[in-house]
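coords below, sequence missing:
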Ligand SMILES: [Zn+2]
Ligand SMILES: [Zn+2]
């Protein structure tokens, strides 16, 4: 160590610190960053009646992603048609369900995590996310079930919307 044969560079003569001349370009917020990723995830959705993407994050680290798609190994809507029930296609598992299932498959806890979803969760997905321990839900657009507002208030899940204006609209502040 430290002998003349040591090939590793040492001291500070090999680099210099240089600052940009102008102000640094603005960086997008974490919320915008993860919502943009959720939009990318949504593009893989297999029911084109509505493409939805979900990204589950804890401590700014992505734990799992999901999009709406058929049961693994089963054909997709674009191959065999939609499976309509009461005006909704039920062939696919929803993005939120698939993200939680992906975490379960690899034994990853989502307790205390946040979900970024391109559309607000349906009632079934909301119940699953609440019971899986998610503490914050950010959605890109309101979808259809407003029971999520009262329930979030009641159990202390933070609920916010982040649409393409990139401005966070808070509905329920988390506890
Ligand atoms: Zn479908
Ligand atoms: Zn759902």
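Thanks, I have the structure now. All figures in this text were calculated on a predicted structure; none of them were measured in a lab. Ligands and ions are numbered 1, 2, ... in the order given.

So what's the gap between the helix or strand of the chain with the lowest mean pLDDT and the chain middle?
Taking mean pLDDT, DSSP states H and E as the measure, the chain has strand 88-89 as its least confident helix or strand, at a mean of 92. The chain centroid and the centroid of strand 88-89 are separated by 23 Å under Cα atoms, centre = their mean, to the nearest Å.

Same question for stretch 117-125.
If you compare the mean C-alpha spot of stretch 117-125 with that of the full chain, they lie 11 Å apart, counting by Cα atoms, centre = their mean.

before we move on, back to that, touching ligand 2 at all, the least confident helix or strand of the chain?
No: in this structure, strand 88-89 remains apart from ligand 2 according to Cβ under 5 Å from the ion; the gap is never smaller than 9.9 Å. Every residue, glycine included, has its C-beta placed from N, CA and C.

Can you pull out the residues in contact with the longest helix along the chain?
Of all the segments of type helix in the chain, defined by DSSP state H, the longest one is helix 30-42. Residues external to helix 30-42 that are found in contact with it (Cβ atoms under 8 Å, 6 or more residues apart in numbering): 28, 51-55, 57, 60, 62, 65-67, 95, 114, 116-118, 138, 140, 160, 162, 166, 168.

what do you get for stretch 151-163?
Residues from elsewhere that reach stretch 151-163, judged by Cβ under 8 Å, 6+ apart: 31-32, 35, 116, 120, 126, 129-130, 134-142, 148-149, 168-175.

Next: stretch 95-112.
Stretch 95-112 is touched from outside by 41-42, 45, 52-56, 58, 63-69, 93, 115, 117-118, 121, 124-125, 128-129, 132-135, with contacts defined as Cβ under 8 Å, 6+ apart.

Cheers, nothing more for now.
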